[in-house]
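1. Sequence first, predicted coordinates after that:
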Amino acid sequence: MANKRKTAPVFKDYCTSQLMLLPPSLDEMIDANHPVRTVNRVIDEIKIDPIVDSYKGGGTSSYNPRMLLKVLVYAYLCNVFSSRKIESSLKENIHFMWLSGMSRPDHNTINRFRSERLANVLKEIFSQVVMLLVESGQVNLKEVYIDGTKIEANANRYSFVWGKTIKNSEERISRQMQELWDYTQKIAADELGDNSSEDFSEIDAEKVKETIAKIDSALQDKPIDKKVRRKLNYARKNWPKNLERYKAQKEIMGERNSMSKTDPDATFMRMKEDRMRNGQLKPGYNLQISTNNQFIVHYSHHPNPTDTTTLGSHLKEFKRLYETLPNVAVADAGYGSEENYVNLKKLKVKAYIKYNTFDKESKSKTALRFEYDRDNDCCICPCGRTMPRVDTRHRATKTGFLQKIARYQSMDCGGCSQREECCKGASNRTLEINHRLASLRAEAAEKLNSETGIYHMRKRCVEVEPVFGNIKHNKGFRRFMLRGSAKTEVETGLIALAHNLAKMAA
Ligand code: SF4
């Protein structure tokens, strides 16, 4: 068989030490529509005076704050959240190198800029970007869709401090202090002298120290029970410092019922993402956002796990940033409280907000119906009997909002065929009505069932939810890198800027 001649393969030139006559331009290597160009263009357009004002002036030259801001926003856009990884990207990734103008700040500089220079000023910068979106017609501030999500804090999951545990521990110390005092009174009443009556219901470190000193002096030469001796030694060593610690923790906790020792600003709350599937509460922050056209137009951080009480401060901040309020606010049933309905009405914001029983009421056909007779201020029960008002009481919610509750009671439920279904107890059926809330709910239901209401409620599902999906699922941002409320809020601002700019670039 004749030898078949094989053609030699041809390869392109390859030489890692090739010298270039002219240095390559990074700019030419970057696509015209690449998101990094959007970040560069938009951040160039905004004023960064609040950041510049935070520099002392004089001394060694600092890295350009505009460059650092661009790098951070672009890093969050690329799902790079760690300062060490950003530092690496500035040496390895041509987009970062182009954006930084080949500057190479190290991770300490990046981190200090993020947590110190941007704290308390990033929201102003974010609002300027939103105003650029408004001017370009991509968003409007008239209709906003509000919702919240919980993001885990950068804190140990077992670093909890519970308000209730502190209260129980203080009560236990009070009780045991009283027991020690009573014992001393029993065996050394004369030595205690005039100081024999003491009240330990209110206790602090000073009082414990003073009382133990008195007990020690009274029991000095007395034969005392071994258990009491041990208890006294333990109390002397531990109780004052424990009480000091409880006092400091209560001050940090404020109105909250828990906090993390690692990040004291974080509160323990139930997260949707429960990877361990054990329903365990985790330290985190409640992040509230307002969106329009799937752009984030406003964000706020809250320590309380429920959405209900966050709406007031969220909108107050909205007004401060944009000097206006939205005309329409759409939110889910988590926001449908009396306080929110009343406040939105006062602010002249049209609310499309469900209340917790809205869906149940719409579906339920068989529920027992009680009618209210406004003229006679009484209720008519399902079997037609009159229920006069028996009393009225006022109660304050956790936020101090006052509610008025009217109580009606049937005069006689005897012989009623519906008693088993209607009235569980032995006495006649009572009914509590918050008239203002009932009328606000009726108004809300009317709005929600209108054509516009149905449109907004449908749109709500494709407005806020996809934004959270993008942040948590696509970007993988489920846990903060930094600690403390101010610093985590900076991270939220960066992720919100990154979300908006990526959407702008797309
Ligand atoms: S149990 Fe009392 S309140 Fe209920 S339907 Fe019967 S009479 Fe009316």
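-> Right, received. Where do you want to start?
2. Show me what the longest helix belonging to the chain is packed against.
-> Looking across the chain with DSSP state H, the single longest helix is helix 163-192. For helix 163-192, the packing partners by 3 or more Cβ pairs under 8 Å, 6 or more residues apart in numbering; DSSP states H and E come out as helix 205-218, helix 226-253. No exception for glycine: its C-beta is placed from N, CA and C like everyone else's.
3. Excluding sequence neighbours, find me the nearest residue to the residue of the stretch 51-200 of the chain found nearest the ligand.
-> Relative to the ligand, the nearest point of the stretch 51-200 of the chain is residue 164 (38.0 Å; Cβ to the nearest ligand atom). Closest residue to residue 164 apart from its sequence neighbours, by Cβ to Cβ, 6 or more residues apart in numbering: residue 257 at 6.8 Å.
4. unless I'm mixing things up, the one you found is touching residue 165, no?
-> No: using Cβ atoms under 8 Å, residue 257 is not in contact with residue 165; the gap is 10.1 Å.
5. Can you name the residue of the stretch 251-400 of the chain nearest the ligand?
-> Nearest to the ligand, among the residues of the stretch 251-400 of the chain, is residue 381, at 3.1 Å (Cβ to the nearest ligand atom).
6. Domain parsing of the chain, as residue ranges.
-> 26-118, 145-150+266-359+445-486, 161-260 (automatic domain parsing).
7. most tightly surrounded among the ones you listed?
-> domain 145-150+266-359+445-486 (a mean of 18; mean count of other Cβ atoms under 10 Å).
8. quick one, phi psi at residue 393?
-> Dihedral angles of residue 393 (phi, psi; degrees, to the nearest 10) stand at phi -130, psi 160.
9. Around it, count how many other residues there are.
-> 10 (other Cβ atoms under 10 Å).
10. Start the count at 48 instead of 1 going forward.
-> With the count now opening at 48, the last piece we talked about shows up as residue 440.
11. Would you mind listing the residues in contact with it?
-> By Cβ atoms under 8 Å, 6 or more residues apart in numbering, residue 440 lies in contact with 451, 452, 454.
12. TSV for the helices and strands packed on helix 210-239, including mean pLDDT?
-> Shown next, in TSV, are these (pLDDT from 0 to 100):
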stretch	mean pLDDT
helix 252-265	90
helix 273-300	93
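13. out of everything not next to it in sequence, what's closest to residue 275?
-> Per Cβ to Cβ, 6+ apart, closest to residue 275 is residue 230, 5.8 Å.
14. As JSON lines, the contacts of residue 440 with distance to the ligand, secondary structure and neighbour count would be great.
-> Below are those laid out as JSON lines (distance: Cβ to the nearest ligand atom, whole Å; DSSP: H, G, I helix; E, B strand; the rest coil; neighbours: other Cβ atoms under 10 Å):
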{"residue": "451", "distance to the ligand": "23", "secondary structure": "strand", "neighbour count": "14"}
{"residue": "452", "distance to the ligand": "18", "secondary structure": "strand", "neighbour count": "14"}
{"residue": "454", "distance to the ligand": "13", "secondary structure": "strand", "neighbour count": "14"}
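15. Flag every residue of this protein that's near the ligand.
-> 428, 429, 430, 432, 457, 460, 463, 465, 466, 469, 470, 476 (Cβ under 6 Å from any ligand atom).
16. Let's see the pLDDT reported for the fifth one.
-> Looking at residue 457, its pLDDT reads 89.
17. what's the neighbour count on it?
-> Neighbours around residue 457, by other Cβ under 10 Å: 22.
18. can you confirm residue 105 is in a helix?
-> No: going by DSSP: H, G, I helix; E, B strand; the rest coil, the assignment for residue 105 is coil, not a helix.
19. which ones are touching the residue nearest to residue 217 when sequence neighbours are not counted?
-> Spatially, and ignoring its direct neighbours in sequence, residue 217 is nearest to residue 293 (6.0 Å; Cβ to Cβ, 6+ apart). For residue 293, the contacting residues are 213, 216, 217, by Cβ under 8 Å, 6+ apart.
20. quick check, nearest of the residues you listed to residue 351?
-> residue 213 (18.4 Å; Cβ to Cβ).
21. pretty sure that closest one is touching residue 296, no?
-> Yes: applying Cβ under 8 Å, one finds residue 213 in contact with residue 296, separated by 6.2 Å.
22. show me what contacts residue 388?
-> Taking Cβ under 8 Å, 6+ apart, one finds 398, 400, 484, 487, 488, 490, 491 in contact with residue 388.
23. Just the ones of those residues in helices?
-> 484, 487, 488, 490, 491.
24. neighbours of the fourth one, just the number please.
-> Residue 490 has 13 neighbours, counted by other Cβ under 10 Å.
25. so which helix or strand takes in the closest residue to it other than its chain neighbours?
-> Spatial nearest neighbour of residue 490, chain neighbours left out: residue 388 (7.8 Å); criterion: Cβ to Cβ, 6+ apart. If you go by DSSP states H and E, residue 388 is part of helix 385-393.
26. How about the contacts made by residue 191?
-> 337, 338, 339, 344, 345, 365, 373, 375, 376, 377.
27. swap the cut-off to 6 Å and go again
-> Residues in contact with residue 191 (Cβ atoms under 6 Å, 6 or more residues apart in numbering) are 337, 339, 373, 376.
28. Show me what it is bridged to.
-> residue 376 (DSSP bridges).
29. The protein: strands as residue ranges?
-> For the chain, the strands defined by DSSP state E cover 190-199, 207-209, 305-307, 314-316, 329-339, 342-349, 375-378, 397-400, 418-420, 425-427, 433-443, 449-456, 477-480.
30. Residue 336 contacts residue 347, doesn't it?
-> No: the pair residue 336 and residue 347 does not pass the contact test of Cβ atoms under 6 Å, sitting 8.0 Å apart.
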